[in-house]
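Q: model the following, please.
(one chain, ligands or ions: 2)
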Amino acid sequence: MKRLVIKVGTAVLTQDGQLALERMDNLVSLIAKLKNEKNLEVILVSSGAVGAGYTSLKLDKKIVANKQALAAIGQPLLLKNYKKRFKEHNITCAQMLFIADDFDSRKRTKNAQNVMEILLENKILPIINENDVIATDELVFGDNDQLAAHVAYYFNADMLVILSDIDGYYNKNPREFSDAVLQKNVLEISDDELEMKHSANSEFATGGIVTKLKAADFLMKRDIPMYLSSGFDLTNAYDFLVDGNHKSGTIFQAKK
Ligand SMILES: Nc1ncnc2c1ncn2[C@@H]1O[C@H](COP(=O)(O)OP(=O)(O)O)[C@@H](O)[C@H]1O
Ligand SMILES: N[C@@H](CCC(=O)OP(=O)(O)O)C(=O)O
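A: Numbers count the residues shown, from 1 in each chain. Ligands and ions are numbered 1, 2, ... in the order given. Down below sits the predicted model:
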């Protein structure tokens, strides 16, 4: 494995209306280890701009334009925090902002690919987010999981790692069912699983996991594995990514 995309969500990066800086520290240490010791190329897809903006200005988050304004305030705050921490590991950060449309344009994709190669050749850490100010749909659906899948595909990554508020994919929602079982390996995703969000009743409970399943499905069809693990406790991610031990967390990988 050479090139890895790591995606971290808002739930991991924020807590009680503040940035969860200890969790950010832990994430930064993991990425620094992967880059500096394992010699991997890492691309970070980070949510958290809206949450970071809200620490400075309490706008009503139910209004989409307010969320976009919060993202405009929060994105540089987020980057400031990453930059400070990565500097301690001698890692320089770069920022790249995309909307889904960008990957529909060959020219824009090619431009971004050229820049990405230059950054990675120079051992820079690209930090990617949606360009929330113009990405209305993405903001409403909170869909950085699929952005991360596109990033993994278009920038030729060997794997996407999603660090979430859940430690893997279960056979049913673990917040509702105490007997839910974590699935360590998923070889295929059914249409029913991908359709879950269309059921109004389950939208709230499963919305979060469905975007991850869609990201996994997109990548499985393109032969790129995805690993879903906890962003709160990085033990399983360390075991797998640093030591090569798949003790827990879910690997989505299509049958060959
Ligand atoms: N089968 C399932 N396996 C795991 N999580 C599930 C499942 N069904 C529903 N969920 C819910 O999806 C959530 C993960 O999505 P989300 O909160 O959006 O994560 P993030 O903020 O990391 O992007 C879990 O915390 C859980 O409440
Ligand atoms: N782009 C937005 C977040 C959108 C998002 O997808 O959040 P999440 O579902 O937690 O990954 C932001 O940076 O606040």
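Q: can you show me the strands along the stretch 1-150 of the chain?
A: Using DSSP state E, counting those that start in this stretch, the strands of the stretch 1-150 of the chain run over residues 3-8, 14-15, 18-19, 41-46, 93-98, 125-130.
Q: and the third one with ligand 2, contact?
A: No - legend: contact between strand 18-19 and ligand 2 by Cβ under 6 Å from any ligand atom is lacking; minimum distance shown is 11.5 Å. For every residue, glycine as well, the C-beta is placed using N, CA and C.
Q: how about residues contacting that strand?
A: The contact list for strand 18-19 (Cβ atoms under 8 Å, 6 or more residues apart in numbering) reads L13, G48, G51, A52, T55, L77, L78, N81.
Q: quick check, nearest of these to ligand 1?
A: For those, the minimum distance to ligand 1 (Cβ to the nearest ligand atom) is 9.0 Å, reached by L13.
Q: and Q15, how close does it get to E195?
A: In this structure, Q15 lies at 32 Å from E195, with Cβ to Cβ, to the nearest Å as the measure.
Q: quick one: closest of the strands of the stretch 1-150 of the chain to ligand 1.
A: Of all those, the one in closest proximity to ligand 1, counting by Cβ to the nearest ligand atom, is strand 3-8 (7.6 Å).
Q: count the neighbours of the closest residue to T136 other than its chain neighbours for me.
A: Nearest non-adjacent residue to T136, counting by Cβ to Cβ, 6 or more residues apart in numbering: V64, 6.2 Å away. By the other Cβ atoms under 10 Å criterion, the neighbourhood of V64 contains 13 residues.
Q: got the residues of the chain near ligand 1?
A: Counting by Cβ under 6 Å from any ligand atom, the chain sits next to ligand 1 at 9-12, 164-166, 169-170, 172-175, 205-206, 208-209.
Q: alpha carbons only: can I get stretch 164-176 in CSV?
A: Once non-C-alpha atoms are left out, stretch 164-176 reads as follows in CSV (Å, rounded to 0.1, in the frame of the first residue of the first chain):
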residue,chain,number,x,y,z
SER,A,164,-16.4,7.7,12.3
ASP,A,165,-18.4,7.9,15.5
ILE,A,166,-19.1,4.2,15.1
ASP,A,167,-16.4,1.5,15.2
GLY,A,168,-17.6,-0.4,12.1
TYR,A,169,-20.6,-1.6,10.1
TYR,A,170,-23.0,-3.8,12.1
ASN,A,171,-25.7,-6.2,10.8
LYS,A,172,-28.2,-3.7,12.3
ASN,A,173,-28.1,-0.3,14.0
PRO,A,174,-26.0,-0.8,17.2
ARG,A,175,-27.6,2.2,18.8
GLU,A,176,-31.0,0.5,18.6
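Q: tell me which residues in it are buried?
A: Applying a neighbour-count criterion of 16 or more other Cβ atoms under 10 Å, the buried positions in stretch 164-176 are S164, I166, D167, G168, Y169, Y170, P174.
Q: with stretch 62-71 instead?
A: Residues N66, K67, Q68, A69, L70, A71 are the ones in stretch 62-71 that count as buried (16+ other Cβ under 10 Å).
Q: also stretch 187-194?
A: I189, E193.
Q: so for it, what's the average pLDDT?
A: What stretch 187-194 shows for mean pLDDT is 89.
Q: what does that stretch rub up against?
A: Contacting residues not belonging to stretch 187-194 are listed as V210, L213, K214, A216, D217, M220, F252, Q253, A254, K255 [Cβ under 8 Å, 6+ apart].
Q: and Q15 and E195? Which one has more around it.
A: Neighbours per residue, other Cβ under 10 Å: of Q15 and E195, the larger number sits with Q15, 14 against 10.
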